[in-house]
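Trainee: sequence isn't available, so here's the structure alone:
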Ligand SMILES: *[C@@H]1O[C@H](CO)[C@@H](O)[C@H](O)[C@H]1NC(C)=O
Ligand SMILES: *[C@@H]1O[C@H](CO)[C@@H](O)[C@H](O)[C@H]1NC(C)=O
Ligand SMILES: *[C@@H]1O[C@H](CO)[C@@H](O)[C@H](O)[C@H]1NC(C)=O
């Protein structure tokens with residue numbers, strides 16, 4: 001199958017380029033179109049692809065599209081296209097577990113931003129109602145501390161090393177406050193710290209964000225709470241801070257709970273009554289899928305280089321690679337069987353096109369701030 005398709009492509013390649021100098025054939029695949037990065041169709045495909053990327057992720061904050069950095073489109077037999085997208089993204093205040101749409105999420109303040117680039121292979125077949133993201137990868141970094149130090153020396157600083165014991169203290173004091181103020185019959189427990197900013201208020205202070213699980217408590221006084229079940233899933237995200245000194249301490253803590261909460265407490269359904277329900281839900285629920293890609297958080301390149309202010313501003317790169325084939329003429333893309341595509345409609349995926357950007361790329365940025373735009 002692959003062989004026949006490849007041969008078919010070869011003939012197409014040959015006829016399409018028979019009048020061009022042979023050197024060019026090697027540089028760009030002739031079937032790849034270069035639409036504008038500001039094209040409305042490209043923008044909507046980029047938006048859908050980013051929705052799928054955010055849906056696939058299990059960690060971190062929802063990415064918002066800042067601009068389309070590059071695009072190639074490959075029309076397929078039938079009515080589909082495979083898009084090769086390079087997207088410049090900024091993270092937002094919404095955790096991926098909130099399952100919100102990126103369009104409903106605001107980016108954070110510039111000093112806490114994490115930004116970067118995603119590459120995605122996206123198959124679109126509108127008549128068949130298919131929007132499929134076979135693969136993506138992203139690389140992100142926090143905003144450069146060195147640039148911030150010049151622009152805003154007093155701004156809080158985003159940190160990725162959570163091992164300072166004062167961070168844990170901040171989390172536990174704000175959680176204690178949250179639990180004291182919670183009147184419903186449950187207690188919240190730390191699941192994972194997701195963001196830490198440090199700032200100076202009469203000493204180093206921290207503001208933290210963390211995921212929480214919950215467990216039931218008795219409503220009587222003194223209230224007694226169960227420990228969280230071992231397989232407890234996060235039910236929400238909390239923000240907390242701790243500042244001040246031994247004379248006066250300021251603690252804050254607030255939470256936002258996710259809409260679709262995971263079902264907890266399996267002991268509440270006796271297994272013998274659960275069998276039919278489980279069967280029904282396992283056919284309704286989408287099958288568990290392997291992640292389609294990953295997000296790599298790289299450190300701020302300026303950390304540890306504070307003494308070197310004279311040094312030229314380093315070029316910050318976002319190495320990101322995604323490819324489903326190394327075959328220059330492509331391979332059949334394996335799509336989930338429930339799309340019910342005919343054999344001859346199956347799309348061909350090419351190696352991710354590298355090299356020169358399309359002419360009208362990158363597109364305009366929503367946040368044209370050089371602090372949060374990859375070069
Ligand atoms: C993180 O910070 C702690 C001290 O707060 C330090 O001992 C440790 O080496 C740091 N780890 C990394 C990976 O930088
Ligand atoms: C995504 O990147 C990782 C390395 O960061 C790599 O191992 C993986 O193959 C990439 N995924 C694809 C589909 O290329
Ligand atoms: C992008 O497209 C919009 C509307 O289609 C237009 O108003 C805008 O000027 C374009 N921007 C660039 C940089 O081409």
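Mentor: That came through, no problem. Since the model is a prediction, treat every value here as computed from it, not as a measurement. Numbers count the residues shown, from 1 in each chain. Ligands and ions are numbered 1, 2, ... in the order given.
Trainee: number of residues surrounding residue 335?
Mentor: 18 (other C-beta atoms under 10 Å). For every residue, glycine as well, the C-beta is placed using N, CA and C.
Trainee: check residue 148 too.
Mentor: Per other C-beta under 10 Å, the neighbour tally for residue 148 reads 21.
Trainee: would you agree it falls within a strand?
Mentor: No: looking at residue 148 with DSSP: H, G, I helix; E, B strand; the rest coil, it is helix, so not inside a strand.
Trainee: looks like it contacts residue 155 (just checking).
Mentor: Yes: under the criterion of C-beta atoms under 8 Å, residue 148 makes contact with residue 155 at 5.6 Å.
Trainee: what do those two both touch?
Mentor: residue 111 (C-beta atoms under 8 Å, 6 or more residues apart in numbering).
Trainee: for residue 375, what are its contacts?
Mentor: Taking C-beta under 8 Å, 6+ apart, we find residue 375 in contact with 315, 316, 317.
Trainee: for residue 374, see how far away the last one is.
Mentor: Pointing back at residue 317 there. 8 Å (C-beta to C-beta, to the nearest Å).
Trainee: could you list the low-pLDDT ranges of the stretch 101-250 of the chain?
Mentor: Scanning the stretch 101-250 of the chain for pLDDT under 70 picks out 221.
Trainee: again with the stretch 251-375 of the chain
Mentor: For the stretch 251-375 of the chain, residues meeting the criterion pLDDT under 70 lie at 260-289, 302-314.
Trainee: would you map the helices across it?
Mentor: Ranges of helices within the stretch 251-375 of the chain are 271-284, based on DSSP state H, counting those that start in this stretch.
Trainee: and the residue of it that's closest to ligand 2?
Mentor: residue 322 (4.2 Å; C-beta to the nearest ligand atom).
Trainee: which SS state does the residue nearest to the spatial centre of the chain fall under?
Mentor: Taking C-alpha atoms, centre = their mean, the centroid of the chain lies closest to residue 54, which sits 4.7 Å from it. When classified by three-state DSSP, residue 54 comes out as helix.
Trainee: hang on, isn't it packed against residue 65?
Mentor: No: Residue 54 is beyond contact range of residue 65, at 10.3 Å (criterion: C-beta under 8 Å).
Trainee: quick check: neighbours shared by the two?
Mentor: residue 102.
Trainee: who's in contact with the nearest residue to residue 328 once chain neighbours are set aside?
Mentor: Excluding the flanking residues, the one nearest residue 328 by C-beta to C-beta, 6 or more residues apart in numbering is residue 351, at 6.6 Å. Residue 351 makes contact with 323, 325, 326, 327, 328, 330, according to C-beta under 8 Å, 6+ apart.
Trainee: state the number of residues packed around the nearest residue to the first one once chain neighbours are set aside.
Mentor: Of all residues beyond its chain neighbours, the one nearest residue 323 is residue 352 (4.6 Å), with distances taken as C-beta to C-beta, 6+ apart. Counted with other C-beta under 10 Å, the burial measure for residue 352 works out to 20 neighbours.
Trainee: what's the separation between residue 352 and residue 316?
Mentor: From residue 352 across to residue 316, the span is 21 Å (C-beta to C-beta).
Trainee: okay, buried residues for the helix or strand hosting residue 64 please.
Mentor: Per DSSP states H and E, residue 64 falls inside strand 61-75. Residues 61-74 are the ones in strand 61-75 that count as buried (16 or more other C-beta atoms under 10 Å).
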